[in-house]
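Trainee: prediction below, plus the sequence it came from.
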Amino acid sequence: MRQVWITRVGSPEVLQLREDRDPEPGPGEVRIQVQAIGVNFADIMARIGVYPDAPPLPCVVGYEVAGVIDKLDDPSSGFKVGDKVVALTRFGGYSDLVCVSPRQVFAIPDNMTFPEAVALPVNGATAYQTMVVMGALKPRERVLIHGAAGGVGLAAVDIARIIGAEIYGTASASKHPFLRDRGVHHCIDYRTQDFAAEVMRTTSGEGVHLVIDPIGGESWTKSMAVLAPTGRLACIGFSGAAKSKGRNVMAALGNFVKVPWLSFSPIALMNANKAVIGVNLGHLWKHQDMVGSWMRQIVAWAREGKIRPHVGQTFPLADAAAAHHYIQDRKNTGKVVLVT
């Protein structure tokens, strides 16, 4: 088995390919010969030492894989050897063999490749939890999606289209034509435009009903300001803490202290008729039946062509460092995937 390890905190070059003995499926588990691995920003946060949920270093991260079942312990699991599947993993995903519970495994739609399928679990489930389960987005409501061209962003765009919402998205200007083709109605260049001013201008001062914000810090303050009455701010990440490719404690602390703590207080929210939603898919690991129900809906939409994962770039497993550089250089449109 080949695995990519985070050997220590630091730049992408601390990632190291290692060999180990092949794992055997435990009681009730299936083993997947991995073809594609999703790269997520949480992996980068773990590498630079600002992701509190990460295992102690050195470790192998990775939340999602796609591949072929090549061994199983229990034939009554509903799967068989040779099945093409996608699976959620709580770390250990940067591997070419993984063993997981069948509750974490889902059949790949016939119309999808392995790299496309691996874009479904983390991105799709996060977007579904944010927009459908907790954000309660309704037809004709307005949603602002930060990082709309990223993996979670594009999944959110697809779900907003399914719901029938009006979509605002922030991204660099070069990605705007792509986003318009995907269904974003209003594109905002976060590098040259003040997104809050643009939202209020284009909504005639009314604001939006849901904001999906993975940045944190000052961005949450501005996102709160553009919420309409009964609006919801969904905090789904803290990427503003990862401004450099190595450990930068000051950047992380700077993002933390800029969180609008007073605006998040119950009294302030009550007076403003607004809500703040916290989303962390990794903390729902003990609720696999719930997450599994979301995944089944996501896979069904993918099978119908309503959710369309976009793989922006693939890298060999041995080049995981290049994949991390690519994401931190903000080059990606859609999902970045490691292939074995």
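Mentor: Now that the structure is in, tell me what you want to look at.
Trainee: isn't residue 77 up against residue 102?
Mentor: Yes. Residue 77 is in contact with residue 102 according to Cβ atoms under 8 Å; the separation is 4.2 Å. Quick note: C-beta positions are derived from backbone N, CA and C, even for glycine.
Trainee: low pLDDT regions in the stretch 1-150 of the chain?
Mentor: In the prediction, the stretch 1-150 of the chain carries no residues with pLDDT under 70.
Trainee: so what secondary structure elements neighbour the one helix or strand residue 322 maps to?
Mentor: Following DSSP states H and E, the helix or strand that holds residue 322 is helix 320-328. If you count contacts as 3 or more Cβ pairs under 8 Å, 6 or more residues apart in numbering; DSSP states H and E, helix 320-328 packs onto strand 15-19, strand 30-39, helix 41-47, strand 311-316, strand 335-339.
Trainee: list the buried residues of the third one.
Mentor: Meaning helix 41-47. Neighbour counts over helix 41-47 (16 or more other Cβ atoms under 10 Å) mark 41, 42, 43, 44, 45, 46, 47 as buried.
Trainee: sheet-wise, list the partners of whichever helix or strand comes after it with their directions.
Mentor: Using DSSP H and E, the helix or strand that directly follows helix 41-47 along the chain is strand 64-72. As defined by DSSP bridges, the strand partners of strand 64-72 come to strand 30-39 (antiparallel), strand 84-88 (antiparallel).
Trainee: what lies in contact with the last one?
Mentor: Strand 84-88 is contacted from outside by 30, 32, 63-69, 79, 98, 100, 104-108, 114, 117-118, 120-122, 125, 291, 295, 299, using Cβ atoms under 8 Å, 6 or more residues apart in numbering.
Trainee: the helix holding residue 322 to strand 15-19, inter-axis angle?
Mentor: Using axes from the mean of the first three to the mean of the last three Cα atoms, to 10 degrees, the inter-axis angle of helix 320-328 relative to strand 15-19 is 150 degrees.
Trainee: please identify the buried residues of helix 320-328?
Mentor: Residues 320, 321, 323, 324, 325, 326, 327, 328 are the ones in helix 320-328 that count as buried (16+ other Cβ under 10 Å).
Trainee: name the helices or strands packed onto the helix ranked longest in the chain?
Mentor: Longest helix in the chain, counting residues (DSSP state H): helix 288-303. The helices and strands touching helix 288-303, judged by 3+ Cβ pairs under 8 Å, 6+ apart, are strand 84-88, strand 105-107, helix 121-128.
Trainee: return the distance of whichever helix or strand comes after the shortest one from the chain's centre.
Mentor: Read it as strand 105-107. Downstream of strand 105-107, the next assigned helix or strand under DSSP H and E is helix 114-117. Mean-position distance between helix 114-117 and its chain equals 15 Å (Cα atoms, centre = their mean, to the nearest Å).
Trainee: cool, stretch 8-19 as well?
Mentor: The chain centroid and the centroid of stretch 8-19 are separated by 22 Å under Cα atoms, centre = their mean.
Trainee: just stretch 182-196 next, same as before
Mentor: Here stretch 182-196 is found 20 Å from its chain centre; the criterion is Cα atoms, centre = their mean.
Trainee: show me what counts as buried in that stretch.
Mentor: In stretch 182-196, counting by 16+ other Cβ under 10 Å, buried: 182, 184, 186, 187, 188, 190, 195, 196.
Trainee: what does stretch 88-106 give?
Mentor: The neighbour-count check on stretch 88-106 (16+ other Cβ under 10 Å) flags 88-89, 91-102, 104-106 as buried.
Trainee: same check on stretch 6-15?
Mentor: Result for stretch 6-15 [16+ other Cβ under 10 Å]: buried residues 6, 10, 11, 12, 14, 15.
Trainee: would you mind measuring the gap between the ends of that stretch?
Mentor: By Cα to Cα, to the nearest Å, the extent of stretch 6-15 from end to end equals 5 Å.
Trainee: residue 178 should be in a strand, yeah?
Mentor: No. Applying DSSP: H, G, I helix; E, B strand; the rest coil, one finds residue 178 to be helix, outside a strand.
Trainee: okay, it: pLDDT?
Mentor: Per-residue confidence (pLDDT) for residue 178: 97.
Trainee: residue 245 too?
Mentor: You'll see residue 245 listed with a pLDDT of 74.
Trainee: surely it and residue 325 touch.
Mentor: Yes. Using Cβ under 8 Å, residue 245 is in contact with residue 325, at 7.3 Å.
Trainee: common neighbours of those two, please.
Mentor: Residues touching both residue 245 and residue 325 (Cβ under 8 Å, 6+ apart) are residue 12.
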